[in-house]
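*Asks:* coords below, sequence missing:
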């Protein structure tokens, strides 16, 4: 389970900066499809990890925490993207590439955190 999560997040951490750097639209679309498929994997694996990490009698608290963290991420990501593109408005289209690479840094930070968590199936 942990290997699957690390592999999925690692793929994201590689694909996002690559998407920021490439100029070939066809290759960009292929990577966008791959990263889209990884969305489902991340959601499935992270929910399974939370169920594994949370004691049965506190499952409602664990899943509430998960939902709160997910909602926080769905706020921070778009706000960060918007701030980067707004602050670099005079930079032209490169601001979108910088924003995409920054999203990769967020995923990399999550990857580093997950590496330190002991996930053992009970």
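*Replies:* Happy to help now that I have it. Computed from a prediction, not measured in an experiment: that's the story for all the values here.
*Asks:* so how many other residues sit close to residue 3?
*Replies:* Residues near residue 3, counting by other CB atoms under 10 Å, number 9. Bear in mind the C-beta positions are built from the backbone N, C-alpha and C, glycine included.
*Asks:* and what of residue 50?
*Replies:* Neighbour number of residue 50 under other CB under 10 Å is 16.
*Asks:* Check the one 10 residues further on too.
*Replies:* Residue 60 is surrounded by 9 other residues when neighbours are defined as other CB under 10 Å.
*Asks:* for residue 55, what are its contacts?
*Replies:* Residue 55 makes contact with residue 62 under the criterion CB atoms under 8 Å, 6 or more residues apart in numbering.
*Asks:* This protein: helices as residue ranges?
*Replies:* For the chain, the helices defined by DSSP state H occupy 2-21, 25-53, 59-87, 94-116.
*Asks:* What separation is there between the residue nearest to residue 76 when sequence neighbours are not counted and residue 20?
*Replies:* Closest residue to residue 76 apart from its sequence neighbours, by CB to CB, 6 or more residues apart in numbering: residue 106 at 7.8 Å. Per CB to CB, to the nearest Å, residue 106 is found 13 Å from residue 20.
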